[in-house]
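Chemist: Got a predicted structure here, sequence first:
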Amino acid sequence: MTAPQRLQVALGERSYDIVIGTTVMAEAGTLMRPVLKSQRVVVITDSNVAGLHLARLQRALDDAGLSHDSIVVPPGDGSKSLDQLGRLIGQLLDRKVERSTTLVALGGGVIGDLAGFAAAVTLRGLDFVQVPTSLLAQVDSSVGGKTGINAPQGKNLIGAFHQPRLVLADTSILTTLPRREMLAGYAEVVKYGLIRDPGFFHWLEAHGADLVQGERAELQHAVLESCRAKAAEVAADERERGQRALLNLGHTFGHALEAEPGYGDKLLHGEAVAVGMVMAFDLSVQRGHCPPEDADRVRRHLAAVGLPTGFADLAPRHWDVERLIVHMGRDMKVSGGRITFVLVRGIGDAYLDATVEADELRALLTGALNDADQLARENDSAGLTSRAILGS
Ligand code: GLY
């Protein structure tokens with residue numbers, strides 16, 4: 001058992017705590033009581049998470065004498081839609097929620113984003129508490145107040161900044177995550193080391209393999225350090241006018257890979273971010289800003305834990321450079337027609353750069369695809385199966 005640790009996201013009157021520990025779910029009612037405006041909460045979760053964790057959360061709410069009901073939505077990114085949002089708001093209004101009712105988002109990133117956005121717009125704004133149940137949600141999406149849904153034109157294009165009143169991260173529930181989901185969340189953990197904290201990256205090189213196997217002490221440390229890093233960026237730049245954008249390392253490439261038609265949910269967000277971070281390092285090397293040894297170290301570590309690092313690890317092999325560049329141009333990080341990339345001077349030294357030209361992207365992506373083709377040919381002629389670890 002690990003004693004809960006508390007961090008603060010310092011945002012003036014919108015400040016809130018992140019509580020991280022192995023008994024947090026059992027104590028959830030008591031922990032959230034001080035931030036509630038009334039005794040009433042509505043839990044929003046999905047049918048997968050409900051089966052695993054809802055009963056335990058409901059017991060904790062009973063123990064604290066809170067009145068509660070629950071709304072269960074379908075699992076998956078498809079729930080981040082206008083249709084589902086409309087249904088959810090209708091269910092909240094049917095239950096006669098009041099301005100003093102607090103919503104509780106119990107689940108991964110999809111539930112946090114959807115429930116948080118419903119909280120932002122229902123009755124012109126309800127309080128909400130995040131109870132993240134995936135590694136990705138505990139280290140990234142539950143902290144910082146980005147809420148929203150997808151539009152037909154792209155991911156997360158409809159949303160609001162709406163900070164939670166509390167984040168309750170129970171690291172004991174991560175030990176049962178499917179390996180692939182753990183790895184996808186781990187990519188976002190690595191991101192914090194790569195942005196600003198070479199010491200943390202070094203620690204991950206030594207402990208990352210244990211962490212993704214579900215070792216509790218390593219998970220607790222990684223969630224704590226990731227939330228500490230995220231809280232600092234959010235406190236400094238809540239609305240992403242500048243430095244918060246560093247948290248998007250690997251995301252412009254990653255979103256383009258995710259957006260490829262036909263790929264569906266075969267590529268998880270964290271997997272796309274892992275490949276995207278390697279591409280951001282390679283682009284930085286190509287521009288002469290980053291030592292190639294650092295890019296190799298990142299690639300080696302991600303591959304060592306089992307994450308994809310390039311096209312060779314992805315299937316099917318029908319990537320089109322021009323289409324990927326078009327997807328990047330649709331990203332939210334475009335201003336005046338230019339994409340702001342997160343580039344690096346080395347491990348732990350990321351910066352924003354809006355001067356990348358399409359030809360540089362073309363050269364990078366074409367080179368990466370040629371390398372993957374070459375590897376596939378070598379494997380074929382050696383009678384080996386493809387290195388592709390995803391989507392097969
Ligand atoms: N996931 C990046 C951010 O919250 O800013």
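Modeler: Structure's in. What do you need? Source: prediction; values computed, not measured.
Chemist: what's the burial count for residue 187?
Modeler: 28 (other Cβ atoms under 10 Å). Any C-beta I mention is one placed from the backbone N, CA and C, and that applies to glycine too.
Chemist: what do you get for the one 4 residues further on?
Modeler: Counted with other Cβ under 10 Å, the burial measure for residue 191 works out to 29 neighbours.
Chemist: Over to residue 33?
Modeler: Residue 33 has 14 nearby residues by other Cβ under 10 Å.
Chemist: Is the ligand within reach of stretch 125-136?
Modeler: No: Stretch 125-136 lies apart from the ligand when judged by Cβ under 6 Å from any ligand atom; the minimum separation is 9.5 Å.
Chemist: buried stuff in that stretch?
Modeler: Within stretch 125-136, the residues that qualify as buried are 126, 127, 128, 129, 130, 131, 132, 133, 134, 135, 136, counting by 16 or more other Cβ atoms under 10 Å.
Chemist: swap in stretch 313-327?
Modeler: Buried, per 16+ other Cβ under 10 Å, within stretch 313-327: 313, 314, 315, 319, 324, 325, 327.
Chemist: Return the subset of those residues lying in helices.
Modeler: 324, 325, 327 (DSSP state H).
Chemist: so the last one touches residue 253, yeah?
Modeler: No: using Cβ atoms under 8 Å, residue 327 and residue 253 do not qualify as a contacting pair, with a distance of 9.5 Å.
Chemist: Next up, the contacts around residue 131.
Modeler: Residues near residue 131 by Cβ atoms under 8 Å, 6 or more residues apart in numbering: 25, 28, 57, 104, 105, 106, 107, 167, 168, 170.
Chemist: now, which of those residues sits nearest the ligand?
Modeler: residue 167 (12.6 Å; Cβ to the nearest ligand atom).
Chemist: Return the list of helices and strands in contact with the host helix or strand of the closest one.
Modeler: Residue 167 belongs to strand 166-170 when elements are defined using DSSP states H and E. Of the remaining helices and strands, those touching strand 166-170 by 3 or more Cβ pairs under 8 Å, 6 or more residues apart in numbering; DSSP states H and E are strand 16-21, helix 28-32, strand 127-132, helix 216-236.
Chemist: Pipe the ones you listed into a markdown table and attach mean pLDDT per row.
Modeler: Shown next, in a markdown table, are these (pLDDT from 0 to 100):
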| stretch | mean pLDDT |
| --- | --- |
| strand 16-21 | 98 |
| helix 28-32 | 98 |
| strand 127-132 | 98 |
| helix 216-236 | 97 |
